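1. need a structure here:
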Amino acid sequence: MLFGFQRLILLPLAPVGDEPELVALASGLTEDLLRRLNRLGDVRVTIVRDAPDVAPQTETEASPDDTSAEVRHLLERHTSDALIVGTMGLSQEGLRVSLRLVRSGDDGHWTGEEVLAEGAAESVCSGFAFDLVEAAVGSPPDAERLAASGGDRLQAYRDLLLGLAPELDASERRVALERAIAAAPDFLEAQLALVDVLWELGSSQRALQQLKMMTDAERPSPAALQRLAVALRVAGRAEESRAVARQVLSGDPDGPTLFRLGLYAAAGGDHALATEAYEAAVHQGYVDPVLFENLGHELVRMGSDEVAVELWDAALQLDPSLLRLLGERALALFRQGSLDEAKTAFADALECAPEHFATHACRGAWLQAQNAHAEALEAYSMALGLRADDPLVLNSRGVSHHALGDEEGARNDFQAALRHAQDVELLMYIRENLARLDRGALGLNDEAARLLAEGGQLLRHDQAQEAVPRLRSSLERDPTSWTAWLLLALAYRELGEWQEASRSLDEVLTLVPGHAEALSEQSLALLALGRREEALQKGHEAEAQAPDDAGILCNLGVVCMECGWLEEAREVFEEAATLDPADPITARCIDELDQRCRSERPWGAGQWSIP
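-> Alright, predicted model coming up:
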């Protein structure tokens, strides 16, 4: 994955006159031009509002030697390749706009002047954006990314610009955008801007209504669908929100929309959708340091350290202040086998970013992997001084405490990690560490630990078939690992091998009697095997161990429903929904219960996805 992009500075367009409306129009055009430039891809454009005045020159006035010292200093200060400056004035035909792209030295300039007139207002602005990107990168961008959105009527486009002007308050911008839509009912840019202003004003219900109206079309805008997904989530309609989000990818969305979709998905824990959206945004040429940072994190979860390093390098090139990435970048270099480079990178992180949690947490993991437990303990303690309740670091420091013979320190860290952890997989590891400490068998050999981690990673990324042999190999080296047995059971469950899943769960319950999740999973496995009475018994045992766990209650509800106990199933599902109102699986189970009296097919034969 190679990154080639130009970093551009856009100065606010200067109004030719001091009329308040002209000032607001120039400001709004600056914002609209920024959106269109970044949408085209291969450039990263930022507005710099505190720069000295740099007057745009006409084509006849400009020459390569005319680049002022102020421009060169500005480009150096912001680590940018070129500067865009311009003016806006009034003419009889409409709004006269002059723009110039200026490079440092003799790398070439571009100048253009047009009138935003009736019948071509929005098109002229899109043309400016196209020409500026072509001048910046040396090749024409994809013009389809700037398809007309219905704003060529001059008055409608003027009102859009007023609706984008940050100088006006939100109420004034709302009125202007409503005028724009009244003048041009199909003006998509104005409709989207109105939704954003309604959110700013706190009118979330009105914004939702506007979005529903916009997305009722035969081919709804991906940008509108993405905003609708967010609005539905805010309204508590999680299942509808997820369904709408999935539609965004099928509608040829632009880079900014894909980036926002990725942010939405990551916030909801849907890492597969987040990765897909982020990758699509990058492939479209969308340039944003946070996009590169976030996609790097998602790829690390999948084991793609090399690409993550490349992404983080691009993010740091765009925004050198992202020093929090230095530690993670160094650890990724170590994992991909670049040992000397990783050592240098950790030294740089420690020197340049000692105030960042990730610097010390990642350095601790690096040192621990090399069995340098005393140094790892120090690094983890530095990290916990910055974020005292991080469960992953607490668990990791506990491992180093134990390696150094400090069982009390290890136990204290594991127990603290257990109090703060929420991730299911991390909770399993912490509980197993405590159980091993009690049995005096914490020293899990490195190869078993590596295979266990690999198997868990594969399972998390829907690769159950590949996870099984690694988990079995881990268990050959350490058959007392209940975590490995549980993950193996979950892998067999995904493969529909219920007998093997049940056997693995028996091993978990032998090692950890009363383990709530294992009991609950065993109830599903027994149900799939046709052993319904035993399934009910295990489901109720799981409920007794974890009466406030919505997932365990949902599983019990499924067992009750399939065994014909429909009223009890409804009670259990409703209790689960009370504990976790946003859980889509519980909602789907309730819908299923409403739609049928009894299932005609045996449970586990493919009719249901596993809760």
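2. three-state assignment of Q210?
-> helix (DSSP: H, G, I helix; E, B strand; the rest coil).
3. so how far is A182 from it?
-> 14 Å (CB to CB, to the nearest Å). All C-beta atoms are positioned from the backbone trio N, CA, C, and that covers glycine.
4. do A277 as well
-> 34 Å.
5. do the same with V558
-> 52 Å.
6. which one of the two has more residues nearby?
-> Neighbour count, other CB atoms under 10 Å: between V558 and A182, V558 has more, with 27 against 13.
7. per-residue confidence for that one?
-> On pLDDT, V558 comes in at 93.
8. secondary structure element holding it?
-> If you go by DSSP states H and E, V558 is part of helix 550-562.
9. the following helix or strand past that helix to helix 550-562, inter-axis angle?
-> The helix or strand immediately downstream of helix 550-562 is helix 566-579, counting by DSSP H and E. On the basis of axes from the mean of the first three to the mean of the last three CA atoms, to 10 degrees, helix 566-579 is oriented at 160 degrees to helix 550-562.
10. and the helix or strand that helix 566-579 is followed by, what does it pack against?
-> With elements assigned by DSSP H and E, the helix or strand that comes after helix 566-579 is helix 584-595. Applying 3 or more CB pairs under 8 Å, 6 or more residues apart in numbering; DSSP states H and E, we find helix 584-595 packed against helix 238-248, helix 550-562, helix 566-579.
11. pLDDT of helix 584-595, averaged?
-> 84.
12. and that helix, what's buried?
-> By neighbour count on 16 or more other CB atoms under 10 Å, the buried set for helix 584-595 is I585, T586, A587, C589, I590, E592, L593.
13. so the third one is in contact with A577, correct?
-> Yes - with contacts counted by CB atoms under 8 Å, A587 reaches A577, the gap being 7.1 Å.
14. need phi/psi at G268.
-> For G268, the backbone dihedrals (degrees, to the nearest 10) come out as phi -90, psi 0.
15. I figured it hits E239, correct?
-> No - contact criterion CB under 8 Å: G268 and E239 do not qualify, at 11.5 Å.
16. longest helix in this protein, by residue count?
-> helix 20-40 (DSSP state H).
17. distance from that helix to the middle of the chain?
-> Remark: helix 20-40 is offset 28 Å from the chain centroid, using CA atoms, centre = their mean, to the nearest Å.
18. swap in stretch 190-203?
-> Put simply, stretch 190-203 sits 23 Å off its chain's centre (CA atoms, centre = their mean).
19. pLDDT averaged over that stretch - what is it?
-> 95.
20. stretch 275-286 too?
-> 94.
21. residues in contact with that stretch?
-> 1, 5, 38-42, 141, 145, 248-249, 253-256, 258-259, 261-262, 265, 288, 291-292, 294-295, 298-299, 302, 311 (CB atoms under 8 Å, 6 or more residues apart in numbering).
22. please redo it, this time with the cut-off set to 7 Å
-> Contact with stretch 275-286 is made by 41-42, 249, 254-256, 258-259, 261-262, 265, 291, 294-295, 298, as judged by CB atoms under 7 Å, 6 or more residues apart in numbering.
23. likewise stretch 13-30?
-> With CB under 7 Å, 6+ apart, stretch 13-30 has contacts from 10, 12, 47, 86-90, 95, 97, 125, 158, 161-162, 164-168.
24. all strands for the stretch 101-250 of the chain, in order.
-> Assigned by DSSP state E, counting those that start in this stretch, the strands in the stretch 101-250 of the chain fall at 110-117.
25. any low-confidence regions in it?
-> 105-108, 148 (pLDDT under 70).
26. how does it look with 90?
-> 103-109, 120, 137-139, 141-152, 204-205, 216-219, 234-240, 242, 250 (pLDDT under 90).
27. thought L225 was touching V248, still the case?
-> Yes - if you go by CB atoms under 7 Å, V248 and L225 touch, sitting 4.8 Å apart.
28. who has more neighbours out of the two?
-> V248 (28 against 23).
29. angle of the longest helix of the chain against strand 110-117?
-> Going by the same axes, to 10 degrees, helix 20-40 makes 120 degrees with strand 110-117.
30. neighbours around the nearest residue to L40 once chain neighbours are set aside, how many?
-> In this structure, L40 finds its nearest non-sequential neighbour in P141, 4.2 Å apart by CB to CB, 6 or more residues apart in numbering. If you count neighbours by other CB under 10 Å, P141 ends up with 22.
31. look up how far S381 lies from P141.
-> Counting by CB to CB - P141 and S381 are separated by 50 Å.
32. A569 now?
-> Distance from A569 to S381, by CB to CB: 50 Å.
33. so for those two, which residue has more residues nearby?
-> Using other CB under 10 Å as the criterion, A569 and S381 rank with A569 on top: 22 against 14.
34. one step back: among the contacts of stretch 275-286, which pair sits farthest apart?
-> For these, the farthest-apart pair by CB to CB is D42 and A265; their separation is 24.3 Å.
35. what number of residues lie near R503?
-> 15.
36. quick check, it in a helix?
-> Yes - secondary structure of R503 (three-state DSSP): part of a helix.
37. what sits against it?
-> Counted by CB under 7 Å, 6+ apart, R503 has zero contacts.
38. with the one 5 residues further on instead?
-> Listed by CB under 7 Å, 6+ apart, the contact partners of V508 are W482, W485, L486, A489, H515, A518.
39. S381 too?
-> R397.
40. how about the backbone phi and psi for it?
-> According to degrees, to the nearest 10, S381 has phi -70, psi -40.
41. likewise for V16?
-> phi -90, psi 80.
42. that one: neighbour count?
-> So V16, with other CB under 10 Å, has 15 neighbours.
43. secondary structure element for L99, which one?
-> Secondary structure (DSSP H and E) places L99 in strand 94-103.
44. who are the packing partners of that strand?
-> strand 82-90, strand 110-117, helix 121-137 (3 or more CB pairs under 7 Å, 6 or more residues apart in numbering; DSSP states H and E).
45. check which helices and strands the last one sits against.
-> If I follow you right, that is helix 121-137. By 3+ CB pairs under 7 Å, 6+ apart, helix 121-137 packs against strand 6-10, helix 20-40, strand 43-47, strand 94-103, strand 110-117, helix 154-164.
46. just the C-alpha atoms of the second one, please, in CSV.
-> The C-alpha trace of helix 20-40 is given here as CSV (Å, rounded to 0.1, in the frame of the first residue of the first chain):
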residue,chain,number,x,y,z
PRO,A,20,-21.7,41.4,5.9
GLU,A,21,-23.4,39.1,3.4
LEU,A,22,-20.4,39.1,1.1
VAL,A,23,-18.1,38.3,4.0
ALA,A,24,-20.4,35.3,5.0
LEU,A,25,-20.6,34.1,1.3
ALA,A,26,-16.8,34.1,1.0
SER,A,27,-16.5,32.2,4.3
GLY,A,28,-19.1,29.7,3.1
LEU,A,29,-17.4,29.2,-0.2
THR,A,30,-14.2,28.4,1.6
GLU,A,31,-16.0,25.7,3.5
ASP,A,32,-17.7,24.3,0.4
LEU,A,33,-14.4,24.3,-1.6
LEU,A,34,-12.7,22.5,1.3
ARG,A,35,-15.3,19.7,1.2
ARG,A,36,-15.1,19.2,-2.5
LEU,A,37,-11.3,19.2,-2.6
ASN,A,38,-11.0,16.5,0.1
ARG,A,39,-13.8,14.5,-1.5
LEU,A,40,-11.7,14.2,-4.7
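47. isn't E568 up against C560?
-> Yes - E568 is in contact with C560 according to CB under 7 Å; the separation is 4.7 Å.
48. and the closest residue to E543 other than its chain neighbours, how many neighbours?
-> Leaving aside its sequence neighbours, E543 sits nearest to L556 (CB to CB, 6+ apart; 5.4 Å). Residues contacting L556 under the criterion other CB under 10 Å number 29.
49. do the same with L11
-> 21.
50. against V43, how distant is the closest residue to R44 other than its chain neighbours?
-> Among residues not flanking R44 along the chain, V287 sits closest, at 4.0 Å (CB to CB, 6+ apart). Per CB to CB, V287 is found 6 Å from V43.
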